[in-house]
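S.K.: 3D, please:
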Amino acid sequence: MRGDERWRRHVHAATELRAAGLGRDAFAALQACTPLSTRCRVTMVEPSYAPDEQKAWLKDASNADDDNMKEALRYSAALLGELRTSLLSPQKYYELYMQACDELRNLEMFFREEQAKVRPHADLYDLVQHAGNIVPRLYLLCTAGACYIRGGEAPAKLILRDVVEMCKGVQHPTRGLFLRAYLVQVMRGLLPDTGSKFEGEEGGNVVDALEFLLVNFTEMNKLWVRMAHQGSPRDREKRDRERSQLSDLVGKNLTYLSQLDGLTFQLYRDVVLPRVLEQVVSCRDDIAQQYLMQCVIMVFPDEFHLGTLQALLGALPQLQPGVRVHTVLSLLMDRLANYAAGDHSVVAQMSGVDAFGQMSGVALKVVEQHPEMPGADVAAMYSALLAFSGTVYPDQLEYVDRVLQTCHNALQRRGPITDPRAEKQVVALLSTPLDKYDVVTVLGLAHYPSVMELLQPRVKREVATKIVQTVLRGGTLISSVDQAEMLFSFIAPLVRDMEGLQDELDEEDIAEDASLLARLVHQLQAPGGDSDAQYAVLQAAQRHFLTGGPQRAKHTLPPLAFAALQVDAATWYRFLHQTASELAAVPAAELALQLFLTCAHSASEEAGLDVTAYEFFEQAFVLYEESIPDSRQEVRALQSIMGTLNRCYAIAPEERAALCHKAASYCAKLLKRVDQCQAVLACSHLHWQPEKEGKQAARDEQGVLSCLKRALKIANAAQQQLAVAAKRPAADAGLGPGGLFVEILNHYLYFFDQGCQQITAAVLQSLLELVANEMAAEGCRDNEPLQAFYANTLAHIRQQKAKGGEAAARYDGLQVQLQPQRQPQARPFTALRQRQRQQAAGVCRAAAAGPPVDVEMARKLLDGQTVVLDIRYGSQSVFHRMPAAEYEAGRITKPPRRTVGVPFAAGQDGAAFVAQVAAQLPSRARIIVMCADGGQASEEAAALLAAAGYESVAAMEGGYQAYCQVWGPSGKRRPPAGRWVSTGKEALKSGLNIPGVAESYDEGGNLQQARWAKGLAPGETLPQ
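M.R.: Okay, here's the model as predicted:
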């Protein structure tokens, strides 16, 4: 038929349908079903109906003759004729089919209205069979047959049998599938099911309903399978996709079968299942068998499956190789497992039919009959069987081993497992029993390791991770050496490097594995607190961990040591020492040092082994010397050492004194002055342990005072370092060097509160004045955190004074300045010298003069703008009679003009002395007063000058005599005794041990007793 003629036919059919009384819905359906080109042309005609014409047409249609049935059927057939097309894909054909079904519902309502006009359905049923084309004829026949059954004018079984046979006339796959889908849909509620109104002697019973659905299912499946063999082989993939889209049409028959009320187990076993399985097996189509087997399992009840298990399982080996049998078997086992979990009485029934044996046998038979079956499918099938066994037979662990054995045999014949899908399924197979049973029990199965050996190293690591995670999640305890060895054999990919894994793992992966092992250590616990068994288990773990290399050992050895520390046994410290030493060799110096200190504290406080504790401290110091390279690490290490030592009470006094001395020497060798000061302050607490019940606290007042004085000296040096560099503290320097003085003040106050007799109120008052001057300096005034720290310290002093009682009595003599005042001109010299003198901190001097300076600090100040006021010429010492030439030669400053000589003796009239000094030096000059031996004369002279208005005045400790012992005439330091000096270059040559000379120089740098610093007497030579 040509396009124009076909278009005219559709337009004429639409016009006649209106006149037939089907209304505009029929026209809309016709328009939707019309080919695109024709539809556009119809659309062009549609607007020609004006509103008045439409009203007239509706009026004519409503007044039409009642005997218009033939015309309605004729034009309905024309509408349904669009379903004869073969040009549409299943998806587009489905859209056309749904629109036609909507209009067929309207037609069915029209048929019902005709029946109300006493028109018999038998005539209608005969009339629709006169349609010219078979597809419209059968759609109309199905619709009329449904009305025929619903009207009760004919037995249901006869009409159903007739219609289902008549539909065999359409053998085109797509058209036939949709036709039979319409048939089963329109007849669904009209089946003679048990309890239905259509059931009866003439209408039939449930058997007739079953026959109708089974026949329709068989014919639909044949049509569905036939689609695979039509068209070019190149379009096979496209046809398979289209067939998958039509699968639900076939499955509807099975769904309606399962929903029949009269379906009993006997009918299912004897009638339904045999015919369905026969059709499934005989079709020999992968897609159809896969879908229909899954559909059978899903739609019918669980008790039916359990009763027909042998028949279902017997069909699986007969399926095509392309069918994913493991999916079907897994689905069946999952349903039965859930059924057994919901009703425990079913387990006995399953045992009666040997469900596991049957399924295991079928799985083995499938594998043997399909040698080309992929390893992933084999592993998935046995994984489902394993899950079924664990759910239904949780006590039958031998079933798990049988599954592993058969799976291993099946996979081994297929060669190495390299397919990612197969690897994933094997991992799932090995993980399934871990989730259902005890880990140790599962790992002890005979065939579990054999299955794991089939995997590549990368996948073995994944399984090992799963094993460790299961142990941790379930809290499983590894209580014997055998269990530990077995576990470590399975998790070897996590413990050490394996061939094939070195290039795949980075540092992050190794650290992640080692972290899991570190957590696993805490699961290694012997039962009943048996220390010998625990020792053996941990020793086995240590042996394995040491094979893992440095990257893993730094994560695994520390938790191993802490697990050992939880055992209360003195014999464990050898194991701990070995573990810490191995950790130090990794190298992981900081971790090893912390471990040594932890063991030292445990040995001292828990085991009471002072010698063992000393050994651990000794190893910590050795590790500090040899393996701590970074300055920040040094600070942290010293803090840890001193903190641990301060909490150890059982160490003997002599050994404790040696450790404290060693810690103090390391504190003084830190790189930064601030770190030195804070470390020395912390070291002071080593000499003053807090009281502890039942323990003898170490108390050394002299040691405390020595550390505090040394901290003052270091703080002063830190402040001078900033002054020499002429810079302010960095913004991120925290409290800065100025904060060191407040920290020192707080330490003084702490020991003062603790009752240290060496810390007196006079010492504190002198220190308070020093800190007050420092806080008034420009660099400290703008530091808000430092000022807050200082204010809180002063608030503590006031609070103690306000308490009353003994505390108030101790603090009564302290004077706290609310706003410390200081002349800005005095800071560059007076404050620095005053802090240097305060390291002695035991003597209160005149408030007007600055504190004395030692010869070391004096030498540094002389390099600046400081002037030496030499009062020897005229003092009460031997030097007051020296000739003027000898006096000029003894000047200590270079150039000599920086030395001013004004004689002064103790007790002399000060006015004349001040007048002589004022004639040579202005009041703003920086002055160091030097006498012969640093006695009372220099102190009185400094006090007189300060009272006279000189702002920067300080006396030199030891005077000229002490200065000459340290510094030579050229201004360079004299060498210590026992060291050979080249007079030409004055360079030290170390390594010479001169008898009688080197022994006179001690490690503490006691220069006053050094013979070599004083020189040789006339005629004296070096000893040979």
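S.K.: Let me know the average pLDDT across whichever strand or helix holds residue 637.
M.R.: Per DSSP states H and E: residue 637 is located in helix 631-646. Mean per-residue pLDDT for helix 631-646: 92.
S.K.: Stretch 932-941 now?
M.R.: Per-residue scores along stretch 932-941 average to 85.
S.K.: and what of stretch 352-370?
M.R.: On average, stretch 352-370 scores 88.
S.K.: I would like the residues contacting that stretch, please.
M.R.: With contacts defined as C-beta atoms under 8 Å, 6 or more residues apart in numbering, stretch 352-370 is touched by 306, 309-310, 313-314, 316-317, 321, 325, 329, 333, 336, 350, 373, 378, 381-382, 385, 388-389, 392-393, 396, 399, 402-403, 406, 410. From N, CA and C alone the C-beta is placed, and that goes for glycine too.
S.K.: list the buried ones in the helix holding residue 637?
M.R.: 634, 635, 637, 638, 640, 641, 642, 644, 645, 646 (16 or more other C-beta atoms under 10 Å).
S.K.: Can I get it as PDB, trimmed to CA atoms?
M.R.: C-alpha atoms of helix 631-646 as PDB (Å, rounded to 0.1, in the frame of the first residue of the first chain):
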ATOM      1  CA  SER A 631      68.400  19.300  68.400                       C
ATOM      2  CA  ARG A 632      64.600  19.100  68.800                       C
ATOM      3  CA  GLN A 633      64.900  15.400  69.400                       C
ATOM      4  CA  GLU A 634      67.600  16.000  72.000                       C
ATOM      5  CA  VAL A 635      65.300  18.300  73.900                       C
ATOM      6  CA  ARG A 636      62.500  15.800  73.900                       C
ATOM      7  CA  ALA A 637      64.800  12.900  74.800                       C
ATOM      8  CA  LEU A 638      66.200  14.700  77.800                       C
ATOM      9  CA  GLN A 639      62.800  15.700  79.000                       C
ATOM     10  CA  SER A 640      61.700  12.100  78.800                       C
ATOM     11  CA  ILE A 641      64.900  10.900  80.600                       C
ATOM     12  CA  MET A 642      64.600  13.400  83.400                       C
ATOM     13  CA  GLY A 643      60.800  12.900  83.800                       C
ATOM     14  CA  THR A 644      61.300   9.100  84.100                       C
ATOM     15  CA  LEU A 645      64.200   9.400  86.400                       C
ATOM     16  CA  ASN A 646      62.300  11.700  88.700                       C
END
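S.K.: Can you give me the buried ones in the helix or strand following that helix?
M.R.: For helix 631-646, the following helix or strand on the C-terminal side (DSSP H and E) is helix 653-668. Residues of helix 653-668 classed as buried: 656, 657, 659, 660, 662, 663, 664, 666, 667 (neighbour count, 16+ other C-beta under 10 Å).
S.K.: if we can go back for a sec, for residue 715, state which of the buried residues of helix 631-646 is nearest.
M.R.: residue 635 (16.3 Å; C-beta to C-beta).
S.K.: can you pull the contacts of that closest one?
M.R.: 670, 675, 679 are the contacts of residue 635 under C-beta under 8 Å, 6+ apart.
S.K.: Looking at neighbours, which among the residues you listed is most surrounded?
M.R.: residue 679 (25 neighbours; other C-beta atoms under 10 Å).
S.K.: Does residue 964 lie in a helix or a strand, and which?
M.R.: Here residue 964 is assigned to helix 959-966, by DSSP H and E.
S.K.: Tell me the helices and strands packed up against that helix.
M.R.: When contacts are defined as 3 or more C-beta pairs under 8 Å, 6 or more residues apart in numbering; DSSP states H and E, helix 959-966 sits against helix 855-862, strand 926-930, helix 1011-1014.
S.K.: circling back: save the buried residues of helix 631-646 as a markdown table, and put in distance to residue 605 too.
M.R.: Shown next, in a markdown table, are the buried residues of helix 631-646 (distance: C-beta to C-beta, whole Å):
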| residue | distance to residue 605 |
| --- | --- |
| 634 | 26 |
| 635 | 25 |
| 637 | 21 |
| 638 | 21 |
| 640 | 16 |
| 641 | 16 |
| 642 | 16 |
| 644 | 10 |
| 645 | 12 |
| 646 | 12 |
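S.K.: Just the closest of the residues you listed to residue 432, please.
M.R.: Using C-beta to C-beta, these come closest to residue 432 at residue 640, 47.7 Å.
S.K.: Need the contact partners of stretch 384-393.
M.R.: Contacts of stretch 384-393 (C-beta under 8 Å, 6+ apart): 326, 329-330, 333-334, 336-338, 340-341, 347, 350-351, 355-356, 359-360, 363, 396, 399-400, 403-404, 429, 432-433, 436-437.
S.K.: what helices or strands is the helix or strand containing residue 149 leaning on?
M.R.: For residue 149, the element it lies in under DSSP H and E is helix 134-150. Judged by 3+ C-beta pairs under 8 Å, 6+ apart, helix 134-150 is in contact with helix 69-80, helix 90-116, helix 121-127, helix 156-166, helix 173-186.
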